[in-house]
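Colleague: Give the three-dimensional model of this entry:
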Amino acid sequence: MTAIEEQAAAAQEGIQDRTLSVDNATRATQPHLPYADAVHAALAELELLPDLTEAGTRREGTTKGQRQPPELFARLEWLPGHDDLATLAVQVEGLVVEWSHLGGWAIRSGRDLVVLDVDDLAAPATIAEAAMHAALCGLRCACDMPQPVRWEHAVYLDIALVAYDQREGGQ
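Modeller: Numbering: from 1, shown residues only. Below you'll find the model as predicted:
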């Protein structure tokens, strides 16, 4: 095991999994799963459960002959007509809250997209609050948003993501 892999393994041991149990091999290839699980748990606390939840890896192919590094993502979707979607536009189009380790957090409804002005590893409660505001008031909600806070285990995930990028990018 390389020093980077040892750091990543140690970092992942520092993340307290609430309900998601993953083995060490999965932790190396999908280090963001505990974070996605924590966001889902924060949504459950607000009783704002999505219809679909997925987390995984996207592989985009090649650009100019160069293989693109895989992107880790988490995606939470409320389908059109979901009972928790209050505004007409969001109710008709549905709601998607999405995270990428390359791009951070965004919320989308139909063609409307808002990149959240939060840390890439924002506290799950911050993301849940943003999702609730979008579900109740729409994407361009003028409500006072809570002060964004970084996830308490973000440092461990940061280390694991660096190790992931170095391993997958061939650096």
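
Colleague: Any buried residues in stretch 87-103, and which?
Modeller: Thr87, Val90, Gln91, Glu93, Gly94, Leu95, Val96, Val97, Glu98, Trp99, Ser100, His101 (16 or more other Cβ atoms under 10 Å). Backbone N, C-alpha and C define where each C-beta goes, glycine included.

Colleague: Stretch 40-57 now?
Modeller: Neighbour count says stretch 40-57 has His40, Ala42, Leu43, Leu48, Pro50, Thr53, Ala55 buried, by 16+ other Cβ under 10 Å.

Colleague: Near the closest residue in space to Glu71 that isn't next to it in sequence, how many other residues are there?
Modeller: Distance criterion Cβ to Cβ, 6 or more residues apart in numbering; nearest residue to Glu71, sequence neighbours excluded, is Arg58 at 4.6 Å. Arg58 is flanked by 12 other residues according to other Cβ atoms under 10 Å.

Colleague: list the contacts for Arg58?
Modeller: Taking Cβ atoms under 8 Å, 6 or more residues apart in numbering as the contact definition, Arg58 lies against Pro70, Glu71, Phe73.

Colleague: Doesn't Leu157 belong to a helix?
Modeller: Yes - using DSSP: H, G, I helix; E, B strand; the rest coil, the secondary structure at Leu157 is a helix.

Colleague: mind checking how far it is from Ser109?
Modeller: To Ser109, Leu157 is 27 Å away according to Cβ to Cβ, to the nearest Å.

Colleague: mind checking which helix or strand Ala160 is in?
Modeller: Element membership of Ala160, judged by DSSP states H and E, is helix 154-169.

Colleague: for that helix, packing partners?
Modeller: helix 3-14, helix 24-29 (3 or more Cβ pairs under 8 Å, 6 or more residues apart in numbering; DSSP states H and E).
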